[in-house]
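**Student:** give me a 3D structure for the following:
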Amino acid sequence: MSSTITLDFVLRQGAFSLEVRERLEARVVALFGPSGAGKTTVLESIAGLRRPDEGVIEIGSDRLVDTSIGLALPPHQRRVGYVPQDLALFPHLDVRRNILFSAVDGAGPDFDAVVALLEIGEMLVREVGELSGGERQRVALARALVAAPALLLLDEPLAALDRPLRERVLPYLIRIRDEFSIPMIYVSHDPVEVNAIADWVLVLDQGRVVRRGPTA
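**Tutor:** Next up, the predicted model:
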C-alpha cells in the first residue's frame, strides 16, 4: 500500500535553504546524499519538529502544513512515526514501557504482532541500558509502529551499527515494509541499504533534489 505524500515547501535556516517539490507514491522513498544536504531537515519538517517558511505538506488527504492559512499541526497530531538517529528511548523505562508509551489503543499494528515480527519478546522486561545497538534499534522501531503511523520516518537507522550488525537488522526493516504496509521515508548514505529496501530515491545536495528515480 502507498499513500501520496506531497512535499512542496521551503525552509530557511540561516544561510541554508531547503526546497522540496515532490509528490511521492512509492512504498519506501530513500533520501540519499552527502552530509548537510538537508535529508534530516526533510524528516523533521514532516514530523513537525521544524516549521517550513512556506508551502504544503500532506500525507494522503491529511494536510499537516499549509503556510497560506497558518496551518502547522503539532507533532502529536500528525500520525507520523519518527525514529531519529539517537533513537530517543527513555532510559528510565524498561523495553515494554518504552514501546507502550506511544501505543494508540485500537489502531495500528497489534503490540504482540510487532514484538513477534521484530523478535524482541525476550527483552521486554530489560532496561534500555542493557541492550545492544541492534536491540535498541528494534525497540525504537517497535515504539514507532505501535503509534499507528500513516508514515514512518527513519533517519539513518543502521548508521551507528557495524556492518555485520547492519546485515542482521536490515531484514527486520524489510519485514516491516512487507507485512505492515506503512509508507516510509528512509534516510541513508549506504546504496546497499537503499537498493534493498526502497522503491524510489531522491538525491539531495545543498538543500535541493538533484536527482530522482526508481532504485536499481
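
**Student:** count of neighbours near P164?
**Tutor:** Counted by other CB atoms under 10 Å, the residues lying close to P164 total 9. (C-beta placed from N, C-alpha, C; glycine too.)

**Student:** surely it is in a helix?
**Tutor:** Yes: applying DSSP: H, G, I helix; E, B strand; the rest coil, one finds P164 inside a helix.

**Student:** for it, give me its contacts.
**Tutor:** By CB atoms under 8 Å, 6 or more residues apart in numbering, P164 lies in contact with nothing.

**Student:** list the residues that contact D190.
**Tutor:** The neighbours of D190, taking CB under 8 Å, 6+ apart as the test, are L158, A159, R166.

**Student:** filter those residues to the buried ones?
**Tutor:** L158, R166 (16 or more other CB atoms under 10 Å).

**Student:** and the contacts of D190 as CSV, adding pLDDT and distance to L73?
**Tutor:** Putting the contacts of D190 into CSV (pLDDT from 0 to 100; distance: CB to CB, whole Å) gives the following:
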residue, pLDDT, distance to L73
L158, 88, 29
A159, 85, 29
R166, 85, 34
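
**Student:** where do the strands of this protein begin and end?
**Tutor:** Secondary structure of the chain by DSSP state E: the strands cover 5-13, 16-24, 28-32, 54-59, 62-66, 71-72, 80-83, 151-155, 184-188, 200-205, 208-214.

**Student:** coming back round to it: nearest to V203, of the contacts of D190?
**Tutor:** Checking the contacts of D190 against V203 with CB to CB, the nearest one is A159 at 17.4 Å.
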